[in-house]
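1. Build me a model:
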Amino acid sequence: MRSCGLSVCLFHRGDGCNGLCKSKEAEIKRINKELANIRSKFKGDKALDGYSKKKYVCKLLFIFLLGHDIDFGHMEAVNLLSSNRYTEKQIGYLFISVLVNSNSELIRLINNAIKNDLASRNPTFMGLALHCIASVGSREMAEAFAGEIPKVLVAGDTMDSVKQSAALCLLRLYRTSPDLVPMGDWTSRVVHLLNDQHLGVVTAATSLITTLAQKNPEEFKTSVSLAVSRLSRIVTSASTDLQDYTYYFVPAPWLSVKLLRLLQCYPPPEDPAVRGRLTECLETILNKAQEPPKSKKVQHSNAKNAVLFEAISLIIHHDSEPNLLVRACNQLGQFLQHRETNLRYLALESMCTLASSEFSHEAVKTHIETVINALKTERDVSVRQRAVDLLYAMCDRSNAPQIVAEMLSYLETADYSIREEIVLKVAILAEKYAVDYTWYVDTILNLIRIAGDYVSEEVWYRVIQIVINRDDVQGYAAKTVFEALQAPACHENLVKVGGYILGEFGNLIAGDPRSSPLIQFNLLHSKFHLCSVPTRALLLSTYIKFVNLFPEVKPTIQDVLRSDSQLRNADVELQQRAVEYLRLSTVASTDILATVLEEMPPFPERESSILAKLKKKKGPSTVTDLEDTKRERSVDVNGGPEPAPASTSAMSTPSPSADLLGLGAAPPAPAGPPPSSGGGGLLVDVFSDSASVVAPLAPGSEDNFARFVCKNNGVLFENQLLQIGLKSEFRQNLGRMFIFYGNKTSTQFLNFTPTLICSDDLQPNILGFITKPVDPTVEGGAQVQQVVNIECVSDFTEAPVLNIQFRYGGTFQNVSVQLPITLNKFFQPTEMASQDFFQRWKQLSNPQQEVQNIFKAKHPMDTEVTKAKIIGFGSALLEEVDPNPANFVGAGIIHTKTTQIGCLLRLEPNLQAQMYRLTLRTSKEAVSQRLCELLSAQF
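-> A predicted model of the protein is given here:
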């Protein structure tokens, strides 16, 4: 409202304002004058009538919107709520929605006024009250009205306009405070609003039910048949039947989209009649998409296509009707050449998902030429990126060479923003569908040549692993990389690959005079001065490998190692390698050299770190499910079966050997699948940090984890399919946790595999686990139990992750949550007298032993709740110890297998400032820090 210091003043001209303030200073002066006038009016002896009060409150609201602070007038606005005039009540509610804080002392008066309006049965006043509740949307509002609004919503005498407002208001409260909206008898009644005659009520109710059904699917599963029935009536109606809700000849497009999204919360209907009716609806929508447009306006096509794309999303979600899937694919194929960029983008995005279905994969492949053409000619980079995604999704053994070649061709001119992603996808496809591994080696070397700057370490690590693990490709790889290094300009990644492969297998091509040992050494050393320090270190390791492979070049290599540029190198790593390698080549016998510098053993196989990096870049939902579905559809690709379920046993590793080239196998993961017996069919890699594809932590799981710091029992995670409950008990350094997995659907969970995954910080010598396996099949509506025995060996900070993988309705599900095993669980409370407490407190006075945190209270500062949380945290609550009775003091001992750590805590609340000061003293700094972090998050 302000521009260059000018603003329009919505005050009466009779009040002395010309209508415009000519500068910022003039505006401030005028505002201050008006505020003084309004303040005097509110404090005057003469009572203001409703109109005057409304006028001045409205002025205050406008002044606030101009950016000025308002610190009075709140009570006058609250008084307006009791008026029987609509305009006065409206301004009062508007002021409150914008200016009143949820912690205001007036909130009780406001709540009373809102309750009176909700009980008045006046639809206008009820609407204003509901709009205010939704606008504020605070937790306090939810606590006050979450139980009242459902009653208004399902009451028989509530007018349609109020029902709409009530549904949307309840939706707002549920989104902000889902735990405060009670499920009850009203849930079954609200579902029947889908049959309401007023389409506005149906639209609002559908939005509410969709959100509620995502968390409580069983409560609202009866909505499926009603949604299908309502959708059928809309789809089969003519544009004249729903005149008030027809948008450019498309009947009720917003409601249709919402109903289709609601149906995506559930699997295909089990009732044949409902399923048949839904299939008819979807066929009708696909048929209407083929009809000539009834209007040339863009609004018509937008509304029509919005319904179509949502219908296709539902078809893909159900993945059960081959005919519909193929028809959807063909319809999307028509959009691939549409003149509208947005439609081309959406078509490519939807076809990426269709490519993962066994029913439509072949239909998607028929559009390969169109997609390749889009990759070459499309102007919009986001559309080109979706084309890359689709080529990746539709790739299989039959078309892999063509797709990889096209991606490599496009890579030379691709936008810099998507080059890294294309490199990862080419590397994955080249390996996954490599029948001849010489083709794979050529492809990766070509990839490095074209886009070396975007080839990550995971890619060239992977080449080396495959070459080392496959005897049949080692000679070819050595020859090819030797030829590639002869180019005048080589990317550094190619030098790394060449150095490693020639250091291991250069002897396989040394018989050719064109690639004799000396020529190999001179070729590599010619690149030495152009490389970075890590690459030079790798090349020095290659040189010492040459000493073992080719004794005839030993003097030459020793001269290089003996040179001042190596022995006196400014870099410590290079200097140390040169000194040690020179000494090794001088004093070691031939047998010792052969032992120390023997050929690297085959690497153990794991999940590909390239694939893991792509998932991290793109998000788990865009890659994980697609890969697993495609793997299930074609288990014989590359001769590899579906990976075995993860187990809690540690992965075996080969016998240790000197990996002088710096690419040693990563330490074994605490939990993962055993090595695959396939020769390279699956994407596996020793360079990844985990042995299985683990989904990122589920949304909201961190909040649930925090709630378990001070309690041992409850629901840890819940979505529309699965519920995970916990019941735990701990004593000294031992614990036992019962994990309950509940199937909330009526369909079996297959290959149900929970896995406990620990970071490197939680090795068995820190935290030990013994888990009992669970049945891999969980029946619909059933619950299975898993027992985990825990031993705390030493103090720790990280919590283990529980990863659950299973198949539901043919779809791969992957969920990860943090398991609430925290250091305070091994607390044993200790009672202490006041004198003993402060004596021990003074003993722990070193700066390293104390951690203090001053923080703002996130929850209401209730004394009883605070006591309960400190006791739940594990320490003893010591009464009458602190001189200030408002403070809280606790003591306890952390028990581990190796030691016991005493802990003293002091929590000082400041009610006026709404802040806490927490001080923890223990004999170990890391323990103090961790306990302080955990406890601070509770208040």
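2. any weak-confidence spans in the stretch 601-750 of the chain?
-> When residues are selected by pLDDT under 70, those of the stretch 601-750 of the chain lie in 605-694.
3. hang on, I meant the stretch 351-500 of the chain
-> Ranges of the stretch 351-500 of the chain meeting pLDDT under 70: none found.
4. Helices along the stretch 1-150 of the chain, start to end?
-> Using DSSP state H, counting those that start in this stretch, the helices found in the stretch 1-150 of the chain span residues 24-43, 50-65, 74-80, 86-99, 107-119, 123-136, 139-145, 149-154.
5. cool, and the stretch 701-850 of the chain?
-> Under DSSP H, counting those that start in this stretch, the stretch 701-850 of the chain gives helices at 701-707, 834-843.
6. Distance check, the residue lying closest to Glu908 once chain neighbours are set aside against Val463.
-> Spatial nearest neighbour of Glu908, chain neighbours left out: Arg917 (4.4 Å); criterion: Cβ to Cβ, 6 or more residues apart in numbering. Yep, even glycine has a C-beta here, placed from its N, CA and C like the rest. Using Cβ to Cβ, to the nearest Å, Arg917 is found at 56 Å from Val463.
7. And those two? Which one has more around it.
-> Ranked by neighbour count (other Cβ atoms under 10 Å), Arg917 and Val463 place Val463 first, with 27 against 14.
8. picking up where we left off before, in CSV, list the helices of the stretch 1-150 of the chain along with distance to Leu226, mean pLDDT and mean neighbour count.
-> As requested, these are exported to CSV (distance: least, Cβ to Cβ, whole Å; pLDDT from 0 to 100; neighbours: other Cβ atoms under 10 Å):
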stretch, distance to Leu226, mean pLDDT, mean neighbour count
helix 24-43, 53, 88, 15
helix 50-65, 43, 89, 19
helix 74-80, 41, 88, 20
helix 86-99, 34, 90, 20
helix 107-119, 27, 88, 18
helix 123-136, 24, 91, 21
helix 139-145, 27, 86, 19
helix 149-154, 15, 89, 22
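9. which stretch among those comes nearest Lys897?
-> Shortest distance between Lys897 and the helices of the stretch 1-150 of the chain, using Cβ to Cβ, is found for helix 139-145: 42.9 Å.
10. If you count contacts, what does that closest one end up packed against?
-> helix 107-119, helix 160-176 (3 or more Cβ pairs under 8 Å, 6 or more residues apart in numbering; DSSP states H and E).
11. Other residues contacting it?
-> Helix 139-145 is contacted by residues 102-103, 107, 111, 114-115, 118, 133, 173, 176-177, 180-181 when judged by Cβ atoms under 8 Å, 6 or more residues apart in numbering.
12. would JSON lines of these with distance to Leu716 be doable?
-> Listed next are the contacts of helix 139-145 as JSON lines, based on distance: Cβ to Cβ, whole Å:
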{"residue": "Ser102", "distance to Leu716": "29"}
{"residue": "Asn103", "distance to Leu716": "31"}
{"residue": "Ile107", "distance to Leu716": "33"}
{"residue": "Asn111", "distance to Leu716": "34"}
{"residue": "Ile114", "distance to Leu716": "36"}
{"residue": "Lys115", "distance to Leu716": "36"}
{"residue": "Leu118", "distance to Leu716": "37"}
{"residue": "Ile133", "distance to Leu716": "31"}
{"residue": "Leu173", "distance to Leu716": "24"}
{"residue": "Thr176", "distance to Leu716": "22"}
{"residue": "Ser177", "distance to Leu716": "20"}
{"residue": "Leu180", "distance to Leu716": "20"}
{"residue": "Val181", "distance to Leu716": "21"}
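13. isn't Asp196 right up against Ala204?
-> No - Asp196 lies out of contact with Ala204 (Cβ atoms under 8 Å); the separation is 9.7 Å.
14. Gln732: which of the helices of the stretch 1-150 of the chain is closest?
-> Closest among these, using Cβ to Cβ: helix 139-145, at 38.8 Å.
15. Would you mind writing the CA trace of the closest one as CSV?
-> What follows is helix 139-145, C-alpha atoms only, in CSV (Å, rounded to 0.1, in the frame of the first residue of the first chain):
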residue,chain,number,x,y,z
ARG,A,139,-3.7,-24.7,18.9
GLU,A,140,-5.7,-22.8,21.4
MET,A,141,-8.5,-22.4,18.9
ALA,A,142,-8.4,-26.1,18.2
GLU,A,143,-8.6,-27.0,21.9
ALA,A,144,-11.6,-24.8,22.3
PHE,A,145,-13.6,-25.6,19.2
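16. For the closest residue to Ile70 other than its chain neighbours, give me its contacts.
-> Distance criterion Cβ to Cβ, 6+ apart; nearest residue to Ile70, sequence neighbours excluded, is Phe64 at 4.7 Å. Residues near Phe64 by Cβ under 8 Å, 6+ apart: 70, 98-99.
17. Can you tell me how far Phe64 is from Ser135?
-> Counting by Cβ to Cβ - Phe64 and Ser135 are separated by 15 Å.
18. How about Asn887?
-> Asn887 is 40 Å from Ser135, by Cβ to Cβ.
19. List the contacts of the closest residue in space to Asn79 that isn't next to it in sequence.
-> Sequence neighbours aside, Lys53 is the residue nearest to Asn79 in space, at 6.9 Å (criterion: Cβ to Cβ, 6+ apart). By Cβ under 8 Å, 6+ apart, Lys53 lies in contact with 76, 79-80, 88.
20. how about the residues you listed in TSV, adding distance to Thr797?
-> Shown next, in TSV, are the contacts of Lys53 (distance: Cβ to Cβ, whole Å):
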residue	distance to Thr797
Glu76	54
Asn79	55
Leu80	54
Glu88	58
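21. Can you name the two of these that sit furthest apart?
-> Glu76 and Glu88 (10.8 Å).
22. Identify the contacts common to Asp196 and Ala204.
-> Common neighbours of Asp196 and Ala204 (criterion: Cβ under 8 Å, 6+ apart): Lys163.
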